[in-house]
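Q: Please work out how this folds:
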Amino acid sequence: MASTKKTTKAEENSALDFNMDDFKFELEFPITFESTEYKEISLKGLWDLDLQGLTEVDREYKRLTGITMTANTPVDTMYSALVVAKANAMPYEWLMKLKARDAIRLRTSVFTFFYMRA
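A: Now for the predicted structure:
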(Lines give C-alpha, C1' and ligand atoms only; values in the text may rest on other atoms or scores of the structure.)
Protein backbone atom coordinates (compact mmCIF):
# COMPACT_ATOMS: atom_id res chain seq x y z
CA MET A 1 0.00 0.00 0.00
CA ALA A 2 1.39 3.38 -0.99
CA SER A 3 1.86 5.87 1.78
CA THR A 4 0.51 9.38 1.44
CA LYS A 5 2.71 11.82 3.26
CA LYS A 6 1.10 15.15 4.11
CA THR A 7 3.29 18.17 3.54
CA THR A 8 3.49 21.00 6.01
CA LYS A 9 2.98 24.66 5.07
CA ALA A 10 6.71 25.22 5.58
CA GLU A 11 7.51 22.45 3.11
CA GLU A 12 4.99 23.82 0.59
CA ASN A 13 6.39 27.32 0.91
CA SER A 14 10.04 26.26 0.69
CA ALA A 15 9.70 26.02 -3.10
CA LEU A 16 8.70 29.68 -3.40
CA ASP A 17 11.21 32.32 -4.44
CA PHE A 18 10.22 34.61 -1.60
CA ASN A 19 10.74 34.35 2.11
CA MET A 20 7.41 33.79 3.84
CA ASP A 21 8.79 35.04 7.16
CA ASP A 22 9.34 38.63 6.07
CA PHE A 23 7.72 38.42 2.63
CA LYS A 24 10.58 39.97 0.72
CA PHE A 25 11.89 39.07 -2.70
CA GLU A 26 15.68 39.15 -2.77
CA LEU A 27 17.19 40.40 -6.00
CA GLU A 28 20.23 38.66 -7.42
CA PHE A 29 21.06 41.87 -9.24
CA PRO A 30 20.26 45.06 -7.28
CA ILE A 31 18.57 47.92 -9.14
CA THR A 32 18.78 51.67 -8.66
CA PHE A 33 15.77 53.93 -8.95
CA GLU A 34 15.84 57.65 -8.22
CA SER A 35 19.27 57.35 -6.54
CA THR A 36 18.14 54.54 -4.20
CA GLU A 37 19.58 51.05 -4.52
CA TYR A 38 17.19 48.16 -4.01
CA LYS A 39 18.53 44.73 -3.08
CA GLU A 40 15.11 43.34 -2.22
CA ILE A 41 11.48 44.04 -2.95
CA SER A 42 8.77 43.84 -0.32
CA LEU A 43 5.82 41.67 -1.26
CA LYS A 44 3.86 42.40 1.92
CA GLY A 45 1.62 44.85 0.08
CA LEU A 46 0.21 42.00 -2.02
CA TRP A 47 -1.86 40.99 1.00
CA ASP A 48 -3.46 44.46 1.08
CA LEU A 49 -4.36 44.76 -2.60
CA ASP A 50 -8.08 44.91 -3.18
CA LEU A 51 -10.32 44.74 -6.23
CA GLN A 52 -10.02 48.48 -6.80
CA GLY A 53 -6.23 48.24 -6.82
CA LEU A 54 -6.24 45.28 -9.21
CA THR A 55 -8.69 47.08 -11.47
CA GLU A 56 -6.28 50.03 -11.63
CA VAL A 57 -3.46 47.61 -12.49
CA ASP A 58 -5.61 46.03 -15.22
CA ARG A 59 -6.34 49.46 -16.73
CA GLU A 60 -2.68 50.45 -16.67
CA TYR A 61 -1.70 47.10 -18.21
CA LYS A 62 -4.21 47.64 -21.04
CA ARG A 63 -2.96 51.21 -21.57
CA LEU A 64 0.65 50.02 -21.82
CA THR A 65 0.17 46.80 -23.78
CA GLY A 66 -3.23 47.01 -25.47
CA ILE A 67 -4.10 43.66 -23.85
CA THR A 68 -7.23 43.28 -21.73
CA MET A 69 -6.78 40.96 -18.75
CA THR A 70 -9.21 38.05 -18.74
CA ALA A 71 -9.34 34.73 -16.90
CA ASN A 72 -7.30 33.23 -19.76
CA THR A 73 -4.65 35.95 -19.96
CA PRO A 74 -1.36 34.67 -18.57
CA VAL A 75 0.35 36.65 -15.85
CA ASP A 76 3.36 38.06 -17.71
CA THR A 77 6.38 39.99 -16.46
CA MET A 78 4.82 43.40 -17.17
CA TYR A 79 1.61 42.58 -15.31
CA SER A 80 3.64 41.25 -12.39
CA ALA A 81 5.74 44.42 -12.32
CA LEU A 82 2.58 46.55 -12.27
CA VAL A 83 1.10 44.49 -9.41
CA VAL A 84 4.29 44.70 -7.33
CA ALA A 85 4.67 48.42 -8.03
CA LYS A 86 1.05 49.00 -6.96
CA ALA A 87 1.59 46.92 -3.82
CA ASN A 88 4.57 49.14 -2.95
CA ALA A 89 2.93 52.46 -3.96
CA MET A 90 5.69 52.96 -6.53
CA PRO A 91 5.59 53.75 -10.26
CA TYR A 92 6.09 50.72 -12.49
CA GLU A 93 9.26 52.30 -13.91
CA TRP A 94 10.84 51.36 -10.58
CA LEU A 95 11.10 47.75 -11.75
CA MET A 96 11.93 48.25 -15.42
CA LYS A 97 15.68 47.80 -14.85
CA LEU A 98 15.30 44.32 -13.35
CA LYS A 99 17.61 41.79 -14.96
CA ALA A 100 15.74 39.07 -16.84
CA ARG A 101 16.42 36.38 -14.23
CA ASP A 102 15.02 38.54 -11.42
CA ALA A 103 12.05 39.60 -13.57
CA ILE A 104 11.08 36.00 -14.33
CA ARG A 105 11.54 34.95 -10.69
CA LEU A 106 9.44 37.92 -9.55
CA ARG A 107 6.71 37.00 -12.05
CA THR A 108 6.73 33.45 -10.69
CA SER A 109 6.48 34.76 -7.12
CA VAL A 110 3.50 36.99 -7.95
CA PHE A 111 1.77 34.17 -9.82
CA THR A 112 2.45 31.80 -6.93
CA PHE A 113 1.13 34.33 -4.40
CA PHE A 114 -2.19 34.61 -6.20
CA TYR A 115 -2.62 30.91 -6.83
CA MET A 116 -1.04 29.25 -3.78
CA ARG A 117 -3.32 27.57 -1.31
CA ALA A 118 -3.99 29.60 1.80
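Q: tell me what the one helix or strand Lys39 maps to is packed against?
A: Secondary structure assignment for Lys39, by DSSP states H and E: strand 36-42. Judged by 3 or more Cβ pairs under 8 Å, 6 or more residues apart in numbering; DSSP states H and E, strand 36-42 is in contact with strand 24-33. Yep, even glycine has a C-beta here, placed from its N, CA and C like the rest.
Q: What residues sit buried inside the strand it packs on?
A: Buried residues in strand 24-33, counting neighbours by 16 or more other Cβ atoms under 10 Å, are found at 25, 27, 31.
Q: isn't the second one right up against Glu40?
A: Yes. When contacts are counted by Cβ atoms under 8 Å, Leu27 is listed as touching Glu40 (6.1 Å).
Q: did I read that right, Glu86 in a strand?
A: No Glu there; residue 86 is Lys. No. Secondary structure assignment places Lys86 outside any strand; it is helix (DSSP: H, G, I helix; E, B strand; the rest coil).
Q: Can you verify my assumption that it contacts Gly53?
A: Yes. Counting by Cβ under 8 Å, Lys86 sits close enough to Gly53 to count as a contact (5.6 Å).
Q: Which of those two has more residues huddled nearby?
A: Remark: of Lys86 and Gly53, Lys86 carries more neighbours, 19 against 15, as counted by other Cβ atoms under 10 Å.
Q: okay, that one: pLDDT?
A: What the model reports for Lys86 is a pLDDT of 97.
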